[in-house]
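Undergrad: Provided below for reference: sequence and predicted model.
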Amino acid sequence: DGGITQSPKYLFRKEGQNVTLSCEQNLNHDAMYWYRQDPGQGLRLIYYSQIVNDFQKGDIAEGYSVSREKKESFPLTVTSAQKNPTAFYLCASGGNRGEEQPQHFGDGTRLSIL
Amino acid sequence: QKEVEQDPGPLSVPEGAIVSLNCTYSNSAFQYFMWYRQYSRKGPELLMYTYSSGNKEDGRFTAQVDKSSKYISLFIRDSQPSDSATYLCAMSFNTDKLIFGTGTRLQVFP
């Protein structure tokens, strides 16, 4: 089945620790995205990548980092510089510019502070 | 003023009712409009996708875009308890950087 797989489903971070969230897609989409969802605030864009080995900051990139070494994979690292990391993190793919292709989402990773 | 405004609800309706969900927006350059459904602890699921103005129907769901009023709607006919979820509107200039509403929580009771 084609889709977007996020892991783990739940993640806990200790003070000063970096953690990495995984996102894999087998939809053959060029573009991939990371969003953060907080109660009452909707989804906010952290980073996005429209092609392998290239990515751009979204609206709230501070304290996060990404890489895009393979078309299928777009991992997100939440660094210790992110002081309020507790949130629901959603990965999406699709939306290639010029192709009128809407974004589809994975089932998210819930990150909490220990 | 937020770029996209959406009433958070909750909206509570009896089974079989017609549901109307709405978003308003401020940027007239938006061209792509989407509705997503999100169940608790799950990712958003694409329901409807519209380019520019007009109506689009898919089963019990109808999406409307009125660019002159900067207003989009999602109608759900014959609502079911399984429709109980949060509904997110989203829009963009292209299909890449989406701007989301905060979501409307819908409850359909038997």
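TA: Arrived safely.
Undergrad: Say whether chain B is contacted by stretch A:71-78.
TA: No. Taking CB under 8 Å from any CB of the partner chain as the criterion, stretch A:71-78 and chain B are apart, separated by no less than 13.8 Å. Just so you know, the C-beta spots here come from the backbone N, C-alpha and C atoms, and that holds for glycine as well.
Undergrad: what does that stretch rub up against?
TA: Counting contacts by CB atoms under 8 Å, 6 or more residues apart in numbering or on different chains, the residues outside stretch A:71-78 that touch it are A:13, A:18-26, A:28, A:30, A:32-34, A:46-47, A:49, A:52, A:55, A:63-68, A:85, A:89, A:91, A:93, A:111.
Undergrad: Against chain B, which of those residues make the cut? List them.
TA: Counting by CB under 8 Å from any CB, A:Y33 from these sit close to chain B.
Undergrad: Select only the buried ones of the contacts of stretch A:71-78 in PyMOL?
TA: One line in PyMOL is enough to select the buried ones among those; burial here means 16 or more other CB atoms under 10 Å in any protein chain shown:
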select buried, chain A and resi 13+19+21+23+24+25+30+32+33+34+46+47+49+55+64+65+66+68+85+89+91+93+111
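Undergrad: Tell me which entries of the contacts of stretch A:71-78 lie within strands.
TA: A:13, A:19-25, A:32-34, A:46-47, A:49, A:55, A:64-66, A:89, A:91, A:93, A:111 (DSSP state E).
Undergrad: Skipping its backbone neighbours, what lies nearest A:G63 in space?
TA: The shortest distance from A:G63 to any residue other than its chain neighbours is 2.8 Å, reached at A:Q82 (CB to CB, 6 or more residues apart in numbering or on different chains).
Undergrad: ugh, wrong one, I meant A:A81
TA: The shortest distance from A:A81 to any residue other than its chain neighbours is 4.4 Å, reached at A:G63 (CB to CB, 6+ apart).
Undergrad: Put the alpha carbons of stretch A:102-111 into CSV.
TA: What follows is stretch A:102-111 as a C-alpha-only set of coordinates in CSV (Å, rounded to 0.1, in the frame of the first residue of the first chain):
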residue,chain,number,x,y,z
PRO,A,102,-2.3,17.9,-2.8
GLN,A,103,-0.4,17.0,0.3
HIS,A,104,-1.1,13.7,2.1
PHE,A,105,-0.1,13.1,5.7
GLY,A,106,1.3,10.4,7.9
ASP,A,107,-0.2,9.5,11.3
GLY,A,108,2.1,11.7,13.3
THR,A,109,4.6,11.4,16.2
ARG,A,110,3.6,12.7,19.6
LEU,A,111,6.7,14.2,21.4
